[in-house]
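Q: Sequence below, structure please.
(one chain, ligands or ions: 1)
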Amino acid sequence: MADVKTHRVGIIMNGVTGRMGTNQHLMRSIVEIIKQGGVKIGENEVIMPDCVLCGRRPDALQELCKRSGVEKWSTDVEAQINDPSYDVYFDAQTTDRRVDWVTRALNAGKHVYCEKPTATTTEEAYKLYALATEKGLKNGVVQDKLWLPGFLKLKKLVDEGFFGEILSVMGNFGYWVFEGEPGGQPPQRPSWNYRKEDGGGIMIDMVCHFRYILSNLFGNIKCLNAVGSTLVKQRWNEKDKPYKCTADDISMTTFEMDSGVIAHINASWATRVRRDDLLVLQVDGTKGSAVVGLRDCLVQSAADTPRPVWNPDVPQPIDFYEGWKSVDPDVEYDNAFKIQWEMFLRHLVCDEPFMWNLLEGAKGVQLAELSLQSWANRSWIEIPELEA
Ligand SMILES: NC(=O)c1ccc[n+]([C@@H]2O[C@H](COP(=O)([O-])OP(=O)(O)OC[C@H]3O[C@@H](n4cnc5c(N)ncnc54)[C@H](O)[C@@H]3O)[C@@H](O)[C@H]2O)c1
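A: Just a heads-up that it's a prediction; the model follows:
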């Protein structure tokens with residue numbers, strides 16, 4: 001058997017004890033990549049991540065090492081950033097810590113891969129991109145929804161021209177996030193999400209996802225109009241203490257695209273689900289429509305479109321859930337976060353193109369920041385171009 005050439009990539013994983021860090025990035029991406037023998041880049045050539053898990057609590061890090069099989073951990077992130085044996089700094093800390101640590105890592109000459117949002121203001125997010133560019137360092141920002149099975153199917157339909165002329169996009173994201181009152185259901189999300197002063201809020205969290213979903217599928221976004229609110233006023237934190245919610249937990253945003261497509265997406269952590277999935281987009285075109293969730297994509301062509309007539313005096317004769325066909329229901333897809341990690345590792349080692357960088361991250365923050373502004377001013381806002 002020929003020797004396998006292994007390209008080791010040293011990765012500092014910071015914020016890895018959190019929800020996203022542990023589940024999506026460590027367990028479902030990096031550990032799976034290691035298990036499969038690395039990212040194959042040639043007949044006998046692989047990229048192999050070599051990680052150090054970073055955080056504040058030794059016990060949590062040791063536990064995570066046991067669970068993941070990763071051997072190295074540290075509470076001294078600064079020391080790891082200055083260790084030349086690591087090439088990449090990865091950040092999945094709370095949003096408000098990202099700018100400081102990504103800046104430190106770039107200044108220490110590390111390539112950077114990080115969670116979104118990259119900052120809470122466009123100015124700061126753009127500065128990260130400018131610094132990485134000035135230093136000639138590679139960088140990437142998580143834009144995971146692009147590789148969800150449902151969205152890969154939708155992209156295929158768009159590219160094949162299934163829709164004819166695309167007219168509109170209507171989206172709904174959300175579910176009920178439990179308040180965490182002792183004795184009731186535990187909350188599914190960390191408490192900082194509901195405190196503006198700690199980087200929380202659904203607009204800053206979700207609108208950056210909408211930015212890359214819409215622009216990747218339907219082109220440039222021209223302008224927007226948004227409204228939000230803090231619906232649930234009190235929640236309970238990780239220590240069972242009540243706290244006042246200061247961040248928005250619902251956002252309703254309308255976008256106009258250069259292509260003429262209009263899009264409207266709602267996001268709420270205070271809604272109960274009666275739809276196909278936690279995130280659903282409906283795309284309507286002259287020749288057909290699609291309804292896409294995280295995994296499934298259903299289509300109805302113009303020929304299959306029923307002809308409803310308004311008559312509340314009789315029970316609805318049409319079952320509107322019939323007459324839709326599932327696209328590629330049997331095709332298996334890898335985890336979306338893992339797909340993007342593999343692409344980033346190939347970008348690092350093989351210099352393959354990777355367009356989801358800190359500039360794209362800044363554009364996401366920009367859209368979120370302008371949504372907050374639109375809500376505050378009750379106005380439509382044009383979106384200025386962020387230059388490369
Ligand atoms: N891509 C996505 O779909 C997606 C989904 C949810 C969250 N996120 C983003 O991922 C990031 C993390 O979110 P999460 O839900 O995992 O949050 P979390 O609260 O579960 O985890 C946050 C991490 O930051 C660390 N941290 C917090 N305060 C710290 C401090 N003072 N010092 C050192 N470390 C500290 C925590 O220990 C933990 O490891 C956020 O920026 C969030 O916006 C992305």
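Q: rest of the way, CA atoms for contacts and neighbours
A: Will do.
Q: Give me the neighbour count for residue 84.
A: When neighbours are counted by other CA atoms under 10 Å, residue 84 registers 12.
Q: where's residue 168, which helix or strand?
A: strand 166-174 (DSSP states H and E).
Q: Contacts made by that strand with the rest, please.
A: 260-273, 278-286 (CA atoms under 8 Å, 6 or more residues apart in numbering).
Q: Show me which of those residues are buried.
A: When the contacts of strand 166-174 are checked for burial by 16 or more other CA atoms under 10 Å, the buried set is 261-270, 279-285.
Q: out of these, which are inside strands?
A: Among the buried ones among the contacts of strand 166-174, the members falling in strands (DSSP state E) are 262-268, 279-285.
Q: which two from those residues end up farthest apart in space?
A: Greatest spacing in those, by CA to CA: 268 and 285 (26.2 Å).
Q: so does the strand holding residue 168 get close to the ligand?
A: No - judged by CA under 6 Å from any ligand atom, strand 166-174 stays clear of the ligand, getting no closer than 11.8 Å.
Q: can you give me how far the following helix or strand past that strand is from the chain middle?
A: Note on strand 166-174: by DSSP H and E, the next helix or strand toward the C-terminus is helix 202-218. Its chain's average C-alpha position is 8 Å from that of helix 202-218, according to CA atoms, centre = their mean, to the nearest Å.
Q: Show me what helix 202-218 is in contact with.
A: With CA under 8 Å, 6+ apart, helix 202-218 has contacts from 116-117, 120, 143, 145-146, 155, 158, 193, 220-221, 228, 247-251, 257, 259, 261, 265, 267-269, 360-361, 363-369, 371-372.
Q: Filter the residues you listed down to the buried ones and hand me the ChimeraX line.
A: Buried members of the contacts of helix 202-218, defined by 16+ other CA under 10 Å, are picked up in ChimeraX with:
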select :116,117,120,143,145,146,155,158,193,220,221,228,247,248,249,250,251,257,261,265,267,268,269,360,361,363,364,365,366,367,368,369,371,372
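Q: give me the subset of the contacts of helix 202-218 touching the ligand.
A: Counting by CA under 6 Å from any ligand atom, the members of the contacts of helix 202-218 near the ligand are 116-117.
Q: Keep only those of the contacts of helix 202-218 that are in helices.
A: Among the contacts of helix 202-218, the members found in helices (DSSP state H) are 155, 158, 360-361, 363-369, 371-372.
Q: Throw those residues into JSON lines and include distance to residue 237 and pLDDT, thanks.
A: Shown next, in JSON lines, are the ones in helices among the contacts of helix 202-218 (distance: CA to CA, whole Å; pLDDT from 0 to 100):
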{"residue": "155", "distance to residue 237": "39", "pLDDT": "98"}
{"residue": "158", "distance to residue 237": "43", "pLDDT": "98"}
{"residue": "360", "distance to residue 237": "33", "pLDDT": "98"}
{"residue": "361", "distance to residue 237": "29", "pLDDT": "98"}
{"residue": "363", "distance to residue 237": "31", "pLDDT": "98"}
{"residue": "364", "distance to residue 237": "28", "pLDDT": "98"}
{"residue": "365", "distance to residue 237": "26", "pLDDT": "98"}
{"residue": "366", "distance to residue 237": "29", "pLDDT": "98"}
{"residue": "367", "distance to residue 237": "29", "pLDDT": "98"}
{"residue": "368", "distance to residue 237": "25", "pLDDT": "98"}
{"residue": "369", "distance to residue 237": "26", "pLDDT": "98"}
{"residue": "371", "distance to residue 237": "27", "pLDDT": "98"}
{"residue": "372", "distance to residue 237": "25", "pLDDT": "98"}
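Q: Out of these, the closest to residue 302 would be?
A: Nearest member of the ones in helices among the contacts of helix 202-218 to residue 302, counting by CA to CA, is residue 158, at 15.5 Å.
Q: give me the number of residues near the residue nearest to the closest one when sequence neighbours are not counted?
A: Leaving aside its sequence neighbours, residue 158 sits nearest to residue 217 (CA to CA, 6 or more residues apart in numbering; 7.1 Å). When neighbours are counted by other CA under 10 Å, residue 217 registers 16.
Q: what residues does the stretch 151-300 of the chain put near the ligand?
A: Within the stretch 151-300 of the chain, the positions lying close to the ligand (CA under 6 Å from any ligand atom) are 190, 205.
Q: partners of the closest residue to residue 256 other than its chain neighbours in the sheet?
A: Excluding its sequence neighbours, the residue lying closest to residue 256 (CA to CA, 6+ apart) is residue 262, at 4.8 Å. Residue 262 forms beta bridges with residue 168, residue 256, as assigned by DSSP bridges.
Q: show me the contacts for residue 262.
A: By CA under 8 Å, 6+ apart, residue 262 lies in contact with 167-169, 254-256.
Q: Show me what stretch 16-30 is in contact with.
A: Contacting residues not belonging to stretch 16-30 are listed as 14-15, 49, 53-55, 60-61, 64, 68, 91-93, 335, 337-339, 341 [CA under 8 Å, 6+ apart].
Q: Go again with 7 Å.
A: Here stretch 16-30 makes contact (CA atoms under 7 Å, 6 or more residues apart in numbering) with 15, 53-55, 60-61, 68, 92, 337-338, 341.
Q: Check the model's average confidence along it for me.
A: Summarised as a single mean, pLDDT over stretch 16-30 is 97.
Q: ends of that stretch, how far apart?
A: In stretch 16-30, first residue to last residue: 11 Å (CA to CA, to the nearest Å).
Q: Give me the distance from that stretch to the chain's centre.
A: Offset of stretch 16-30 from its chain centre (CA atoms, centre = their mean): 14 Å.
Q: Then stretch 268-276?
A: The answer for stretch 268-276 is 19 Å, by CA atoms, centre = their mean.
Q: again, but for stretch 117-127
A: Distance, centroid of stretch 117-127 to centroid of chain: 16 Å (CA atoms, centre = their mean).
Q: would you put the C-alpha positions of that stretch in PDB?
A: Only the C-alpha atoms of stretch 117-127 are listed here, as PDB (Å, rounded to 0.1, in the frame of the first residue of the first chain):
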ATOM      1  CA  PRO A 117     -22.500  37.000  13.200                       C
ATOM      2  CA  THR A 118     -18.800  38.100  13.000                       C
ATOM      3  CA  ALA A 119     -19.700  41.300  14.900                       C
ATOM      4  CA  THR A 120     -22.700  43.400  16.000                       C
ATOM      5  CA  THR A 121     -21.800  46.400  13.800                       C
ATOM      6  CA  THR A 122     -20.900  46.600  10.100                       C
ATOM      7  CA  GLU A 123     -17.900  48.800  10.900                       C
ATOM      8  CA  GLU A 124     -16.400  46.200  13.200                       C
ATOM      9  CA  ALA A 125     -17.200  43.300  10.900                       C
ATOM     10  CA  TYR A 126     -15.700  45.100   7.900                       C
ATOM     11  CA  LYS A 127     -12.500  45.800  10.000                       C
END
